[in-house]
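Chemist: next come a sequence and a model predicted from it.
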Amino acid sequence: QVQLVESGGALVQAGDSLRLSCVVSGRTTGYYHAVGWFRQTPGKEREFVAALNWNDRIYVDSVKGRFTISGDNVGNTVNLQMNSLKPEDTGVYYCAATPIFTGSYDYLRATSWQYWGQGTQVTVSS
């Protein structure tokens, strides 16, 4: 059973930087997972932010050039470096994992991801 634990959430000001970490455990040796980040605000659906899928790094348009996902699909930690934070980046950030995907996999949809962490709060004040 894959387990994910996020950390690094905080209250920061607009323009600040923050790094979130996701520790992944419980993977079967030789079985690779994509690791992604989603965020959610009250009353809204969970939104895809970024993912690391083998050698591909995928970002939602609103964070391109500001956020960087790093790590690998066999290591224990995947980080999300967030720079030039904006108030609209506020939310609970969740780490997620699913088997490595290809082609037309709908990674934007939260239900496409198999494992989830408990979330970490990021609040960006203006």
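Modeler: Great, that's in hand.
Chemist: hey, let's count contacts and neighbours off CA atoms from now on
Modeler: Will do.
Chemist: buried sites along whatever helix or strand Val24 lives in?
Modeler: Under the assignment given by DSSP states H and E, the secondary-structure element containing Val24 is strand 18-25. Judged by neighbour count using 16 or more other Cα atoms under 10 Å, the buried positions of strand 18-25 are 18-24.
Chemist: go on, stretch 104-119?
Modeler: Of the residues in stretch 104-119, 107-108, 110, 113, 115-117, 119 count as buried by neighbour count, 16+ other Cα under 10 Å.
Chemist: show me those residues that map onto helices.
Modeler: In helices, defined here by DSSP state H, there are no members of those.
Chemist: name the nearest of the residues you listed relative to Thr90.
Modeler: Of all the buried residues of stretch 104-119, the one with the least separation from Thr90 (Cα to Cα) is Gly119, at 12.7 Å.
Chemist: what sits against the closest one?
Modeler: Each residue near Gly119 by Cα atoms under 8 Å, 6 or more residues apart in numbering is listed here: 5-7, 92-95.
Chemist: by neighbours, which of the residues you listed wins?
Modeler: Among the contacts of Gly119, the one with the most neighbours (other Cα atoms under 10 Å) is Cys95, at 32 neighbours.
Chemist: which residues are contacting the helix or strand it falls within?
Modeler: Element membership for Cys95 (DSSP H and E) is strand 91-99. The set of residues external to strand 91-99 that reach it, using Cα under 8 Å, 6+ apart, is 4-6, 9, 22, 31-41, 112-123.
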